[in-house]
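In: Got a predicted structure here, sequence first:
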Amino acid sequence: MAVRNSKELGEKPIGKLLIQQAVPASIGILVMSLNILVDTIFVGNWIGPIAIAAINVVLPVSFFIAALGMAIGIGGSSIISRALGAEEPGKALKTFGNQITLTILLSIGLVIPGLIFVDSLIPAFGGKGEIFDPAKIYYIIVLCGVPFLALAMMGNNVIRAEGKPRFAMIAMIIPSVGNLILDYILINRLDMGMEGAALATTASYLFCLGYIVWFFLSKNSELKISAAHFRLDYPILKEISSLGVVTLARQAVVSVTYLLMNNILFDLGGEDSVTVYAIIARMLMFALFPVLGVTQGFLPIAGFNYGARRYSRVRKTINTAILYSCGMGLLIFLGIMFFAPDIVRIFTSEASIIEQTPSAMRWVFAAIPIVAVQLIGAAYFQAIGKAVPAFLLTLSRQGFFFIPLILVLPYYFGEIGVWVSFPIADLLSTIVTAYFLNREIVNTLK
């Protein structure tokens, strides 16, 4: 194995270490989010607002399959971080090999039926009326590349588990830059419309996977696996699955949320309301990049030190991560409150969309300053291998609170009921997570 850079996770000062881990993760997420954001701006201005809604319809299906890779990556990375902390390199190698095999089998196994039932899935996710045809074009091409994205997302989390955030950051930047360049060529210059947008996205998945494969074959990685490590091992699969199901369940709930939101908003306000949601969803992905970066940086530090039984460092990591994240959440909140109309005008010049979106966006972001507590709390239980509380807390925000709220409140308050569901769900899930996280600190991290 290579030099044990992962040992730094148990030795460096927590504040410095968290910044070291979080900044590259934040930059990677920022670039990826900018890619999605600029991609949406290109599509909205070069193809039209219906194209924005079409892409939003496709995302739940493709992201759910890709989330298999993320789930396997995060679940296995928790094992790898703890194994490296406990000085068990054999278990780390076996886990990585099993992650690769499992990702290939499951992603391909889901893409095939996804292509077979395309005409049923797109309307179910809100692809109705004028949205259906462009959504189908985009869906078929992008879904063919999703297994590459699943492998890339899995590998990126393993890179981070090794304590190599800079390489994980580059892995996120490469496809983002590639996608934007190809967007310009295929949509603007070659006038390929939705086909061009889809081909650019699929090619970007291949760029990302190519870089990740290079990383693990190079001397930069500690994880040098052989053919024997690819053979599925039931105890390891069970542990990967129990932890990975947390991430997969979160993405499944996100997919269900997209399905419900697109259909509810289509019924309330037609294609315009679906487009409003698509713009807000992109801003959520983009604006939260520093909070999500801290969460990503938090995972390997908490997992390594928990595996090494350095509980005081785990406590300090939790406190520092929450402090940093809440501070950045407050800045995001203020930016949205003051600049929402200007943000919307970047995406489209349609007067109806510009009129509707700012107030909706402000409601959606109203509780962002406290969401960090929920994200860090759920991530902590996943990092230390406690699958059940991680699973329940991860689902609490959207599954237990948000989905019931959007099924009930619009019945009484119309479209505004959809938007106020966001801050109410954020507040309730944060209270629940804070209670269980505090109990864990008191009882376990003495």
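Out: That came through, no problem.
In: now for the helix or strand containing A135, which elements pack on it?
Out: According to DSSP states H and E, A135 maps onto helix 132-161. Helix 132-161 sits against helix 49-85, helix 89-116, helix 118-124, helix 165-183, helix 193-217, helix 289-307, with contacts defined as 3 or more CB pairs under 8 Å, 6 or more residues apart in numbering; DSSP states H and E. C-beta here means a position set from N, CA and C on the backbone, and glycine is covered the same way.
In: Give the buried residues for that helix.
Out: Residues 132, 134-143, 145-161 are the ones in helix 132-161 that count as buried (16 or more other CB atoms under 10 Å).
In: For it, the averaged confidence score.
Out: For helix 132-161, the mean per-residue pLDDT is 89.
In: when you compare where that helix runs with where helix 89-116 runs, what's the angle?
Out: Relative orientation of helix 132-161 versus helix 89-116 (axes from the mean of the first three to the mean of the last three CA atoms, to 10 degrees): 180 degrees.
In: worst average pLDDT in the helices and strands packed on helix 132-161?
Out: helix 49-85 (a mean of 81).
In: Give me the angle between that one and helix 193-217.
Out: Using the same axes, to 10 degrees: helix 49-85 against helix 193-217 is 10 degrees.
In: what angle do helix 49-85 and helix 289-307 make?
Out: Using the same axes, to 10 degrees: helix 49-85 against helix 289-307 is 20 degrees.
In: And what about V38, helix, strand or coil?
Out: helix (DSSP: H, G, I helix; E, B strand; the rest coil).
In: can you pull the contacts of it?
Out: The contact partners of V38, by CB atoms under 8 Å, 6 or more residues apart in numbering, come to L180, D183.
In: Turn the helices and strands packed on helix 132-161 into CSV, including distance to I322 and mean neighbour count.
Out: Converted to CSV, those look like this (distance: least, CB to CB, whole Å; neighbours: other CB atoms under 10 Å):
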stretch, distance to I322, mean neighbour count
helix 49-85, 20, 27
helix 89-116, 28, 19
helix 118-124, 38, 16
helix 165-183, 19, 21
helix 193-217, 30, 21
helix 289-307, 9, 26
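In: Distance to A425 added to the ones you listed, as a markdown table?
Out: Below are those laid out as a markdown table (distance: least, CB to CB, whole Å):
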| stretch | distance to A425 |
| --- | --- |
| helix 49-85 | 18 |
| helix 89-116 | 28 |
| helix 118-124 | 23 |
| helix 165-183 | 28 |
| helix 193-217 | 30 |
| helix 289-307 | 16 |
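In: now for the ones you listed, which one comes closest to I346?
Out: helix 49-85 (12.2 Å; CB to CB).
In: can you give me how far that closest one is from the chain middle?
Out: 6 Å (CA atoms, centre = their mean, to the nearest Å).
In: helices or strands up against it?
Out: Short answer (3+ CB pairs under 8 Å, 6+ apart): helix 49-85 packs on helix 14-46, helix 89-116, helix 118-124, helix 132-161, helix 193-217, helix 234-287, helix 289-307, helix 368-383.
In: so the helix holding A135 versus helix 368-383, what angle?
Out: Using the same axes, to 10 degrees: helix 132-161 against helix 368-383 is 60 degrees.
In: Which residues does stretch 409-428 contact?
Out: Applying CB under 8 Å, 6+ apart, the set of residues contacting stretch 409-428 is 261, 264-265, 268-269, 273, 359-360, 363-368, 370-371, 374, 396-398, 401-402, 405-406, 408.
In: Return it as CSV; C-alpha atoms alone will do.
Out: The C-alpha coordinates for stretch 409-428 follow below in CSV (Å, rounded to 0.1, in the frame of the first residue of the first chain):
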residue,chain,number,x,y,z
LEU,A,409,-51.1,21.8,2.8
PRO,A,410,-51.7,22.5,-1.0
TYR,A,411,-55.3,21.1,-0.4
TYR,A,412,-55.9,24.0,1.9
PHE,A,413,-53.6,26.8,0.8
GLY,A,414,-52.9,26.0,-2.9
GLU,A,415,-49.5,26.5,-4.4
ILE,A,416,-48.2,28.5,-1.4
GLY,A,417,-48.8,25.4,0.7
VAL,A,418,-46.2,23.6,-1.4
TRP,A,419,-43.5,26.2,-0.7
VAL,A,420,-44.1,26.6,3.0
SER,A,421,-43.8,22.9,3.4
PHE,A,422,-40.0,23.3,2.9
PRO,A,423,-39.1,25.4,6.0
ILE,A,424,-41.6,23.5,8.2
ALA,A,425,-40.0,20.1,7.3
ASP,A,426,-36.5,21.6,7.8
LEU,A,427,-37.4,22.9,11.3
LEU,A,428,-39.1,19.6,12.5
